[in-house]
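Peer 1: here's my sequence, what's the structure:
(chains A and B)
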Amino acid sequence: DAKTTQPPSMDCAEGRAANLPCNHSTISGNEYVYWYRQIHSQGPQYIIHGLKNNETNEMASLIITEDRKSSTLILPHATLRDTAVYYCIVDGTSGTYKYIFGTGTRLKVLA
Amino acid sequence: SAVISQKPSRDICQRGTSLTIQCQVDSQVTMMFWYRQQPGQSLTLIATANQGSEATYESGFVIDKFPISRPNLTFSTLTVSNMSPEDSSIYLCSARESNEKLFFGSGTQLSVL
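Peer 2: I've put the predicted structure just below:
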């Protein structure tokens, strides 16, 4: 079973920040949080990942709470092309390195 | 970043037949995985493709239905055997190094009539 829970859907106005939450209350100390997105039916695209510190790259920012039980993906200036399903994944399960996907959040960016 | 080529990109098949999907990575990778994504659903892990040994299947998936090969560190195949309409899905190949992020192919969209 997936170790994460996410809201099924969210809307965001174009140009505004999109904040996508993820709960991972059973995360272990050595497990990373990864975010991917899937546009239409293409293969999922990597966005960002982190262990305990906040991370930022050219696509997004990742905020992980101090207790690591939840995180938020931030798209600072959402565009219509950011409309996709966003998946939060906890990695490193029992050393098998396989990803178990949850249901994800369907983000719709509105013009 | 690894690049994964998957083919065919789509196919329409008759029930009772089999289809083999190929996955080629442009660099050697430690781990390769196969996922299925049914219409409107999230990704479900089918199996881990192990180089030189039998694949490791997740609960609900069996080797007779989804035989997998991985002859080397850059290539794997997934066969969907004795297909039925319920097998209509997108099948995705993915790969990673042990401490690196997972990369995905563009998927194979399978329709079974």
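Peer 1: correct me, but residue A:19 touches residue A:73?
Peer 2: Yes: look at residue A:19 against residue A:73 with C-beta atoms under 8 Å: they come within range, at 7.5 Å. Every residue, glycine included, has its C-beta placed from N, CA and C.
Peer 1: so whichever residue of chain A sits closest to chain B is in which element?
Peer 2: Nearest residue of chain A to chain B: residue A:43, at 3.3 Å (C-beta to the nearest C-beta). Residue A:43 is located outside every helix and strand, with elements delineated by DSSP states H and E.
Peer 1: for it, what are its contacts?
Peer 2: Residue A:43 is in contact with B:4, B:92, B:94, B:104-107, counting by C-beta atoms under 8 Å, 6 or more residues apart in numbering or on different chains.
Peer 1: got the buried residues for stretch B:56-74?
Peer 2: Using 16 or more other C-beta atoms under 10 Å in any protein chain shown as the test for burial, stretch B:56-74 gives B:57-58, B:61, B:65-68, B:70, B:73-74.
Peer 1: now do stretch A:63-75
Peer 2: In stretch A:63-75, counting by 16+ other C-beta under 10 Å, buried: A:63-64, A:68, A:70-75.
Peer 1: contacts made by it with the rest, please.
Peer 2: Contacts of stretch A:63-75 (C-beta under 8 Å, 6+ apart): A:12, A:17-25, A:27, A:33, A:35, A:47-48, A:50-54, A:59-62, A:82, A:86, A:88.
Peer 1: out of those, which are buried?
Peer 2: A:12, A:18, A:20, A:22-24, A:27, A:33, A:35, A:47-48, A:50, A:60-62, A:82, A:86, A:88.
Peer 1: of these, which are in range of chain B?
Peer 2: Among the buried ones among the contacts of stretch A:63-75, none lies close to chain B by the criterion of C-beta under 8 Å from any C-beta of the partner chain.
Peer 1: can you redo the contacts of residue A:43 as a markdown table with neighbour count, distance to chain A and secondary structure?
Peer 2: Listed next are these as a markdown table, based on neighbours: other C-beta atoms under 10 Å in any protein chain shown; distance: C-beta to the nearest C-beta, whole Å; DSSP: H, G, I helix; E, B strand; the rest coil:
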| residue | neighbour count | distance to chain A | secondary structure |
| --- | --- | --- | --- |
| B:4 | 24 | 8 | strand |
| B:92 | 29 | 6 | strand |
| B:94 | 27 | 8 | strand |
| B:104 | 24 | 3 | strand |
| B:105 | 25 | 5 | coil |
| B:106 | 16 | 5 | coil |
| B:107 | 24 | 5 | coil |
